[in-house]
Structures are given as C-alpha cells and as structure tokens.
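Student: model the structure of this input:
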Amino acid sequence: MKITAQEEYGLRILLRIARCRDANGMSIPQLSEAEGLTSAYVAKLTRKLRMEGFINSTPGNKGGYVLARLPEEINMNQVLKTLGGSLFNKSFCGDYPGALKLCTNSVDCSVRSLWQMIQFSVDQLLDKVTLSDLINSEKKSERLLHNILDQILKTPSFV
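Tutor: Sure thing, here's the model as predicted:
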C-alpha cells in the first residue's frame with residue numbers, strides 16, 4: 001500500500017490554506033511556491049478540494065483559497081478519499097479477477113477479509129482525525145493522534 005502523491009500534496013495544500021492568516025487566503029502561485037509544485041498541479045488539487053466543499057475560492061486580483069468550514073469540521077477520511085479513494089472497496093475484486101472474467105476466489109476469499117479489515121482499521125482512525133488535529137506542530141499533532149489511536153484501541157467494537 002502506498003500513499004499517493006495526490007493525497008500527500010493535496011493534504012499539504014489543505015494544511016497551508018488552514019494555516020494561512022490572510023483573509024484572502026492563498027493563491028495558486030503562492031501555494032505552488034510554498035510546496036514546490038507546478039501551478040497546474042496545484043490548480044488540479046485545489047479544484048478537487050473545492051468541488052468537495054473543503055475550500056472556497058475568493059474572487060478578485062488578490063483572491064485565493066480559504067477553508068470552507070472550520071478545521072474541526074474537516075474529516076481526514078473524507079479528504080483522503082476525495083484525493084485518492086479508499087484502499088479497498090467492494091468493486092476491488094471485480095477489478096482484479098486475473099485472466100478470467102470472475103475471480104477464482106470470489107466465493108471464499110481470505111485475502112478479501114484482510115483488505116476489508118485493513119480498510120475498517122484505517123477508517124476507524126481517519127474518521128476521528130480532523131484538520132485541526134494536524135494544524136499544530138508535528139510533536140503536538142503526534143500526541144493528539146496517539147490519544148485518538150489509544151481511544152480507538154480501547155473501544156470494545158475494535159478489539
């Protein structure tokens with residue numbers, strides 16, 4: 001499993017916008033320079049984030065991108081699924097049947113159980129993480145994320 005460039009850069013752009021103190025937000029050129037990305041790539045990512053309601057664009061010559069919601073209301077699971085999709089979804093088995101039309105393991109597949117459990121675990125964690133948990137310094141964010149993980153692991157439905 002890999003985190004895609006689109007997920008990484010999209011999340012970094014969202015964090016830049018969240019940390020911005022300018023009421024007009026950040027423009028594509030500003031985001032591009034700050035993250036070392038092409039303007040075209042930043043435009044693609046901001047479009048995705050805007051279309052899903054995470055950011056808004058402010059019009060005008062001095063316009064830019066601002067958060068559409070409070071950081072506490074922006075769920076990381078939704079953001080990452082917008083940028084890259086799920087690790088595993090129900091159509092996965094149909095997408096990878098091998099040389100046949102139907103996977104030879106479509107009825108009884110222990111591998112599918114593994115992918116489903118991984119997706120469930122990732123969803124459990126990411127559903128609890130908001131943009132506000134990541135705006136902080138790395139050390140503070142790490143503590144917050146460890147607390148969230150500890151709470152999840154103590155939940156009876158998870159064990």
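
Student: count of neighbours near Arg16?
Tutor: Here the count is done by other Cβ atoms under 10 Å, and Arg16 has 17 residues near it. For the C-beta atoms, the positions are set from N, CA and C on the backbone; glycine is no exception.

Student: do a quick rundown of the helices in the protein.
Tutor: Secondary structure of the chain (DSSP state H): helices at 5-19, 28-35, 39-51, 76-84, 92-95, 110-126, 131-134, 138-154.

Student: can you put those in a markdown table and add distance to Ser57 and mean pLDDT?
Tutor: Conversion of the helices of the chain to a markdown table gives the following (distance: least, Cβ to Cβ, whole Å; pLDDT from 0 to 100):
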| stretch | distance to Ser57 | mean pLDDT |
| --- | --- | --- |
| helix 5-19 | 11 | 97 |
| helix 28-35 | 10 | 97 |
| helix 39-51 | 6 | 97 |
| helix 76-84 | 16 | 95 |
| helix 92-95 | 34 | 60 |
| helix 110-126 | 26 | 87 |
| helix 131-134 | 18 | 96 |
| helix 138-154 | 27 | 90 |
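
Student: quick one: closest of these to Gly64.
Tutor: The closest approach between Gly64 and any of the helices of the chain, judged by Cβ to Cβ, belongs to helix 28-35 at 6.8 Å.

Student: Val129 contacts Met76, correct?
Tutor: Yes - contact status for Val129 versus Met76: in contact at 4.2 Å, counting by Cβ atoms under 8 Å.

Student: shared neighbours, those two?
Tutor: Among the neighbours of Val129, none is also in contact with Met76 (Cβ atoms under 8 Å, 6 or more residues apart in numbering).
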